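Novice: have a look at this prediction, sequence included:
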Amino acid sequence: MIYSEGSVKVNVSRKELIPKKADEVFINEHKKFDRDIHVLLLNSLGWKNKTYLDLMSATGLRALRISKETKCFSKIILNDSKKSAVNNIKKNIELNNAKNCIVYNLDAYELLHSLERGVDAIDIDPFGSPIYFITQAIKKLSRNGILSVCATDTAALSGTCPKTCIRRYHSRSFLSEFYYESGIRILIKECINLASTYDIALQPIFAHATRHYFRVYFRKVKGAKKADELMKQINYISYCPKCLNRVIGVKDVCECTSRFELIGPLFIGQIYDEKVVNKMKSFNDYPDFFRKVENELKANVPWFYVTDLIAKRHKLGFEPRIETLGFYRTYINPKGFKTDKAIDEILKIFNKNK
């Protein structure tokens, strides 16, 4: 069957989240938003004559959309370890008359090792964790290049499987109400740590947690000083599941006398580049989403609160509208808001806005 998205058409077996057969070519149509945002971000950079690598291309849809919908790249490399996928990619390149594309049928590690020159943009989007490919990708990424990383192992990063998170990301996750936020910040932290080993800074410039995946975009900056600056923004969150208070750093006991749960270490700094966000917003796609991303820029705290959970946990008997509170909405949860105020201050504001 033919699946159409953006300005591209591709051959697919089915529109599913997971293939039923090992050699089946499928498409995850729920990631259209992800691919749309990827195109917007690349167009915001104003690049010309660059090189792009889609490390695990599947149908090739993402790379083909980037080929057809941006003017950034004179060379686009598509790769997949499955022969059936590569055969299909070649058909899709012909179908879309994408003349700047070349295709490889290699293991992801093998391809990264074989690259002789730096690549300006690399996308890592495996089924599961991307962390195994970060080190080699960093080495092959050009100075000021863009590394885009997608993780679908959200159970580990978000707190459902905390032991897996410790083993895989060297951080403790916890299933709080802001688990999407802490999960994406744990992912960012681990990528920054891996890059810092080589005196390289991976500066986050954009991120989103959507449905079943986390997506982060980094800019590669050479130099130990910048890497050190990012490392200073790695810390823990001490979180109280009873009263919902949270603070930066390692604390034992909350003011409500309950023990804090530690989340992290994770990145607590700014994960959006304001210039990039403003340029992406100017294309007028997903205006509501970008209004909320601007809120993330203004608030810049590594968590959010949720109105209904606060009302339930503190037995308020009412739930105020976020618009009446003076806080910034988050894009992640329709009832979520961002503030650095402690829970007792938030409760006072709630009670003023019954």
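Specialist: Nice, thanks for sending it over. Model, not experiment: these values are computed from the prediction. Numbers count the residues shown, from 1 in each chain.

Novice: part of a strand, is F337?
Specialist: Yes - counting by DSSP: H, G, I helix; E, B strand; the rest coil, F337 is located in a strand.

Novice: tell me what the host helix or strand of T164 is packed against?
Specialist: Following DSSP states H and E, one finds T164 within helix 162-169. If you count contacts as 3 or more CB pairs under 8 Å, 6 or more residues apart in numbering; DSSP states H and E, helix 162-169 packs onto helix 154-158, helix 179-196. The way it works is simple: take the backbone N, C-alpha and C, and place the C-beta from them, glycine included.

Novice: would TSV of those helices with mean neighbour count, mean pLDDT and distance to S114 be doable?
Specialist: Formatted as TSV, the helices and strands packed on helix 162-169 follow (neighbours: other CB atoms under 10 Å; pLDDT from 0 to 100; distance: least, CB to CB, whole Å):
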stretch	mean neighbour count	mean pLDDT	distance to S114
helix 154-158	23	97	30
helix 179-196	25	98	21
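
Novice: can I get the ones you listed in a markdown table with distance to M280?
Specialist: A markdown table is the format used below for the helices and strands packed on helix 162-169 (distance: least, CB to CB, whole Å):
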| stretch | distance to M280 |
| --- | --- |
| helix 154-158 | 24 |
| helix 179-196 | 18 |
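
Novice: out of these, which gets nearest to I263?
Specialist: I263 lies closest to helix 179-196 among the helices and strands packed on helix 162-169, at 5.1 Å (CB to CB).

Novice: chain center to the closest one, what's the gap?
Specialist: 9 Å (CA atoms, centre = their mean, to the nearest Å).

Novice: stretch 247-255 too?
Specialist: 27 Å.

Novice: and if you look at stretch 255-274?
Specialist: On the basis of CA atoms, centre = their mean, the separation between the geometric centre of stretch 255-274 and that of its chain is 17 Å.

Novice: just use 614 as the starting number from now, easier for me
Specialist: Done: numbering now begins at 614, and the last item shifts to stretch 868-887.

Novice: what mean pLDDT does it have?
Specialist: Average pLDDT, stretch 868-887: 97.

Novice: go through that stretch and flag the buried ones.
Specialist: By neighbour count with 16 or more other CB atoms under 10 Å, stretch 868-887 contains the buried residues 873-882, 884-886.

Novice: contacts for the helix or strand harbouring L875?
Specialist: Assigned by DSSP H and E, L875 falls within strand 874-880. Here strand 874-880 makes contact (CB atoms under 8 Å, 6 or more residues apart in numbering) with 783-787, 789, 795, 798-799, 801-802, 805, 817, 843, 846-854, 863, 915.

Novice: can you give me the end-to-end distance of stretch 831-845?
Specialist: Using CA to CA, to the nearest Å, one end of stretch 831-845 lies 17 Å from the other.

Novice: now do stretch 730-747
Specialist: Stretch 730-747 has its terminal residues 17 Å apart, counting by CA to CA.

Novice: run the chain-centre distance for that stretch.
Specialist: Using CA atoms, centre = their mean, the offset of stretch 730-747 from its chain centre is 13 Å.

Novice: now do the helix holding T777 against strand 874-880, angle only.
Specialist: Here the directions of helix 775-782 and strand 874-880 differ by 20 degrees (axes from the mean of the first three to the mean of the last three CA atoms, to 10 degrees).

Novice: list the buried residues of helix 775-782.
Specialist: Here helix 775-782 shows 775, 778, 781-782 as buried, counting by 16+ other CB under 10 Å.

Novice: the inter-axis angle of the strand holding L875 versus helix 792-809?
Specialist: 50 degrees.

Novice: quick check: what element follows strand 874-880 along the chain?
Specialist: Next element after strand 874-880 (DSSP H and E): helix 887-894.

Novice: can you show me the helices along the chain?
Specialist: Remark: helices assigned in the chain by DSSP state H are 645-657, 674-682, 696-708, 721-727, 747-753, 767-771, 775-782, 792-809, 837-844, 887-894, 900-912, 920-926, 956-965.

Novice: since that was my last question, I'll sign off now.
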